[in-house]
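K.L.:
quick one, fold the following:
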Amino acid sequence: MYFLAVDIGASGGRCILGWVENGAIKLEEVHRFVNEIINKNGVLCWDTDALFSEIITGMKKCAEIGKIPESVGIDTWGVDYVLFDGKNNILGDAVSYRDSRTENIDAKAPISDTELYTRTGIQKMPINTIYQLMSDNLSGAKKLLMLPDYFHYRLCGVAKTEYTIATTSGLVSANARDWDDEIIEKCGFPRDIFCEIVPPGTSLGELLPEIQKIVGYNCRVVLPAAHDTASAVVTVPDDTLFISSGTWSLMGIERDAPDCSEQSRSKNFTNEGGYNFRYRYLKNIMGLWLLQCVKKELGDFSFQELSDMAESANIEAAINANDSRLFAPKSMTRAIQTLCAEAGCPTPKTPAELAAVIYNSLAKSYAQTASELEQITGRTFDKICIVGGGSKAKYLNKLTEEYCKKSIITASLLTEALFTEATAVGNLIAQMITAKIFPSLTAARNCIKNCILNKSSIY
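P.N.:
Residues are numbered from 1 along each chain as shown. Modelled structure (predicted):
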């Protein structure tokens, strides 16, 4: 029995088939594609039609290789959304969280930062959906769908909002796990645009007839933990610090209850939803976005080359990786050089030095975050599990181990896909639990643990 995970990140996506064979999870990548922000009349947007076309291409390839999935589920990054009018036509574009429209908009919020955090437990970031909606034109809007919910809707015609992606909006009650009507009313948003929130594992139904004709088969649409980090955390062992390392680095732990205290708010931790209504208690750190931008500016260097060069660079400098000036600068290189100068650090000039500053800055931020987590929770952690594409960054992993003074759980040669494709694996696990391939999340995590212990190749 095959399952299809569509995992779409801010820089690219992949369609990965998964199944269980001889007690191990097996994966087969059937399609990979690029995702880029496009500039539409000065507004940074996502090309949702192009992304949906790539989803369909991946689904068609399953038929071409004779592996028809039992179900399909889609995960993406959080906070971004699509609006519909009363005739189910899209209103405007899917604006990217990196667009400047939310700059300083949080200062105009009709609810205080403290009350908002007490109610939602969500880390204050200008990119959160609540601030995007404050800067949007909602006249004529009849329905709002977060991006993965929108793609699910296009596949099966059922409009629901998956819980983990909903929590990134800053509009969901941390305790009630539903839309916070009081916040929505205070902000002046029309309540009826928000669809019913349902948990990961929910089966929305079968493919629309027109989609069946295009891909050549029928299957069910089953919601994974639709926020990509929530899916990645599905693969993480219990009681372990994790870093979901990609464009963003999300570092934290899984908890059974939210922490909406003032201490937690002051340290800027967030309580995002997880599988089985658990909470991903974490901090958003700028992540490999810094290196992605520098790489684009430098030209013909691979990530591996930059990593090797950074390791041999002779520069001792680090900056605040979460400085707001790094969010969407015209030149990441100049922004990093400016911050180094302000900090009294040597100014990086070569590609090797720039990469070294980025890696050291991220590792330093990880160490500070780990310390804060231990202080807030009153617990000590001796391991950090690194998942996502950044788990392949060996030099960054080495620095993380040195700065954090904790052992690192990451990819070995044979189990690399469990870490680099952790989001897709978590997506698949949610579908497999719904199909009763695994009786529980614990059973699925035990399967992953056995794959690691046995060094099972899952590709």
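K.L.:
which parts of the helix or strand hosting residue 183 are buried?
P.N.:
Secondary structure assignment for residue 183, by DSSP states H and E: helix 181-187. Within helix 181-187, the residues that qualify as buried are 183-184, 187, counting by 16 or more other CB atoms under 10 Å. In this view, the C-beta of every residue, glycine as well, is placed from N, C-alpha and C.
K.L.:
and if you look at stretch 313-325?
P.N.:
The neighbour-count check on stretch 313-325 (16+ other CB under 10 Å) flags 313, 315, 317-323 as buried.
K.L.:
now the closest residue to residue 293 other than its chain neighbours. Its backbone dihedrals?
P.N.:
Spatial nearest neighbour of residue 293, chain neighbours left out: residue 332 (3.6 Å); criterion: CB to CB, 6 or more residues apart in numbering. Its backbone dihedrals place residue 332 at phi -70, psi -40, with angles given as degrees, to the nearest 10.
K.L.:
count of neighbours near residue 332?
P.N.:
The tally of other residues near residue 332 (other CB atoms under 10 Å) stands at 23.
K.L.:
could I get the pLDDT score of it?
P.N.:
We note a pLDDT of 96 for residue 332 in this prediction.
K.L.:
report the contact partners of it.
P.N.:
In this structure, residue 332 makes contact with 290, 293-294, 297, 326, judged by CB atoms under 8 Å, 6 or more residues apart in numbering.
K.L.:
what lies in contact with the helix holding residue 183?
P.N.:
Helix 181-187 has contacts (CB under 8 Å, 6+ apart) with 109-111, 116, 119-120, 130, 133-134, 171, 191, 194.
K.L.:
if we go to 10 Å?
P.N.:
The list of residues contacting helix 181-187 from outside it, by CB atoms under 10 Å, 6 or more residues apart in numbering, reads 109-111, 115-116, 119-120, 130-131, 133-134, 169-173, 180, 189-191, 193-194.
K.L.:
on that earlier part again, report the buried members of the contacts of residue 332.
P.N.:
For the contacts of residue 332, a burial check counting by 16+ other CB under 10 Å picks out 290, 293-294, 326.
K.L.:
which one of those sits closest to residue 154?
P.N.:
Distance from residue 154 was checked for each of the buried ones among the contacts of residue 332 by CB to CB. The minimum falls on residue 293, at 31.0 Å.
K.L.:
before we move on, which element is that closest one in?
P.N.:
Counting by DSSP H and E, the element that carries residue 293 is helix 289-298.
K.L.:
can you name every helix or strand that that helix contacts?
P.N.:
Helix 289-298 makes packing contacts with helix 303-312, helix 332-342, helix 351-377 when contacts are defined by 3 or more CB pairs under 10 Å, 6 or more residues apart in numbering; DSSP states H and E.
K.L.:
buried residues, the last one. List them.
P.N.:
Applying a neighbour-count criterion of 16+ other CB under 10 Å, one finds 351-370, 372-373, 376 buried in helix 351-377.
K.L.:
pLDDT weak spots in this protein?
P.N.:
Counting by pLDDT under 70, the low-confidence segments of the chain come to 411-419, 453-459.
K.L.:
now residue 137: phi and psi?
P.N.:
Reported as degrees, to the nearest 10, the phi and psi values for residue 137 are phi -100, psi 110.
K.L.:
what's around the residue nearest to it when sequence neighbours are not counted, how many residues?
P.N.:
Ranked by CB to CB, 6+ apart and with sequence neighbours excluded, the top spatial neighbour of residue 137 is residue 92, at 7.4 Å. Per other CB under 10 Å, the neighbour tally for residue 92 reads 15.
K.L.:
so what's the gap between the helix holding residue 183 and the chain middle?
P.N.:
Distance of helix 181-187 from its chain centroid, counting by CA atoms, centre = their mean, to the nearest Å, is 26 Å.
K.L.:
so after it, what's the next helix or strand?
P.N.:
Toward the C-terminus from helix 181-187 - assigned by DSSP H and E - lies strand 197-198.
K.L.:
contact partners of that following strand?
P.N.:
Under the criterion CB under 10 Å, 6+ apart, external residues in contact with strand 197-198 comprise 149, 158, 160-167, 172, 176-179, 204, 223, 273.
K.L.:
and those residues, which are buried?
P.N.:
Among the contacts of strand 197-198, those buried by neighbour count (16+ other CB under 10 Å) are 149, 158, 160-167, 172, 177, 179, 204, 223, 273.
K.L.:
still on that earlier bit, filter the contacts of strand 197-198 down to just the ones in strands.
P.N.:
161-162, 204, 273 (DSSP state E).
K.L.:
farthest-apart pair in those residues, please.
P.N.:
That would be 204 and 273, which, of the ones in strands among the contacts of strand 197-198, are the farthest apart (CB to CB) at 18.0 Å.
K.L.:
specify the residue ranges that define each domain of the protein.
P.N.:
The chain breaks down into these structural domains: 2-226, 236-410 (assignment by automatic domain parsing).
K.L.:
can you add distance to residue 437 and give those domains back as a markdown table?
P.N.:
A markdown table is the format used below for the domains of the chain (distance: least, CB to CB, whole Å):
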| stretch | distance to residue 437 |
| --- | --- |
| domain 2-226 | 6 |
| domain 236-410 | 15 |
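K.L.:
between the ones you listed, which gets nearest to residue 436?
P.N.:
domain 2-226 (10.9 Å).
K.L.:
that older thread, Serialize the helices and strands packed on helix 289-298 to a markdown table and add fields for distance to residue 284.
P.N.:
As requested, these are exported to a markdown table (distance: least, CB to CB, whole Å):
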| stretch | distance to residue 284 |
| --- | --- |
| helix 303-312 | 21 |
| helix 332-342 | 18 |
| helix 351-377 | 10 |
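K.L.:
just give me the closest of the contacts of residue 332 to residue 267.
P.N.:
Closest approach to residue 267 among the contacts of residue 332 (CB to CB): residue 326, at 19.6 Å.
K.L.:
roughly how far does residue 308 sit from residue 299?
P.N.:
Residue 308 is 17 Å from residue 299, where distance means CB to CB, to the nearest Å.
K.L.:
again, but for residue 429
P.N.:
Counting by CB to CB, the gap from residue 429 to residue 299 is 39 Å.
K.L.:
those two: who's more crowded?
P.N.:
A side-by-side neighbour count of residue 429 and residue 299, using other CB under 10 Å, places residue 429 first with 30 against 7.
K.L.:
right, and that one touches residue 225 too?
P.N.:
Yes. The criterion here is CB atoms under 10 Å, and residue 429 meets it with residue 225 at 9.1 Å.
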